[in-house]
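1. quick check, what structure comes out for this input:
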Amino acid sequence: MENNLIYKEECYKIVGICMNIHKKLGKGFKEVVYKDAMQIEFNKAGIAYQREKTFNINYDGVILPHKFSADFFVFNAIIIEVKAISIVPTDSFRQTLNYLKAAQVQLGILINFGTDSLTFQRIVCTH
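-> Numbering: from 1, shown residues only. Purely as a prediction, here's the structure:
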């Protein structure tokens with residue numbers, strides 16, 4: 001089953017980078033600090049990314065005036081949502097899934113720096 005994971009290598013790189021950031025910074029900072037560190041590490045690793053990438057939301061053939069911004073859009077294929085909280089609420093999972101649907105993207109990674117050990121969740125959307 002694991003051999004069928006989409007973007008397996010890319011996800012491995014992203015999570016590895018985040019684990020190193022968590023090892024260096026620990027928990028307790030605001031999300032923006034971890035995002036700043038991720039940007040530095042993505043640049044060092046030569047990973048293509050866009051920070052706060054804005055996506056349109058299509059409703060019944062009409063582009064809505066309000067958009068959403070993904071924390072990171074990496075490898076032109078993966079949405080990353082960053083959290084720095086003790087418990088990730090279910091709403092964060094649903095929000096990321098909605099982002100995937102709206103952006104027509106298959107994989108999202110919900111990463112949380114707010115616990116003793118880094119936690120992450122792969123979210124797959126088959127549309």
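
2. what about the longest helix in this structure?
-> Looking only at the chain and at elements set by DSSP state H, the helix with the highest residue count is helix 8-25.

3. average model confidence for that helix?
-> Helix 8-25 shows a mean pLDDT of 97 in the predicted model.

4. following that helix, which helix or strand comes up?
-> Using DSSP states H and E, the next helix or strand after helix 8-25 towards the C-terminus is helix 31-45.

5. got the angle for that next one vs helix 8-25?
-> On the basis of axes from the mean of the first three to the mean of the last three CA atoms, to 10 degrees, helix 31-45 is oriented at 120 degrees to helix 8-25.

6. restricting to C-alpha, output the very next helix or strand once past helix 31-45 in PDB.
-> Remark: after helix 31-45, the chain's next helix or strand is strand 49-55, criterion DSSP H and E. What follows is the C-alpha trace of strand 49-55 in PDB, where atoms were taken according to Å, rounded to 0.1, in the frame of the first residue of the first chain:
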ATOM      1  CA  TYR A  49       7.500  26.600  -3.400                       C
ATOM      2  CA  GLN A  50       5.100  29.600  -3.100                       C
ATOM      3  CA  ARG A  51       4.300  31.000   0.300                       C
ATOM      4  CA  GLU A  52       0.800  32.200   1.000                       C
ATOM      5  CA  LYS A  53      -0.300  31.000  -2.500                       C
ATOM      6  CA  THR A  54      -3.700  32.400  -3.300                       C
ATOM      7  CA  PHE A  55      -6.300  30.200  -4.900                       C
END
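
7. pLDDT of strand 49-55, averaged?
-> Strand 49-55 shows a mean pLDDT of 96.

8. average pLDDT across the next helix or strand after it?
-> Going down the chain from strand 49-55, the next helix or strand is strand 58-59, by DSSP H and E. Regarding strand 58-59, the rounded mean pLDDT is 92.
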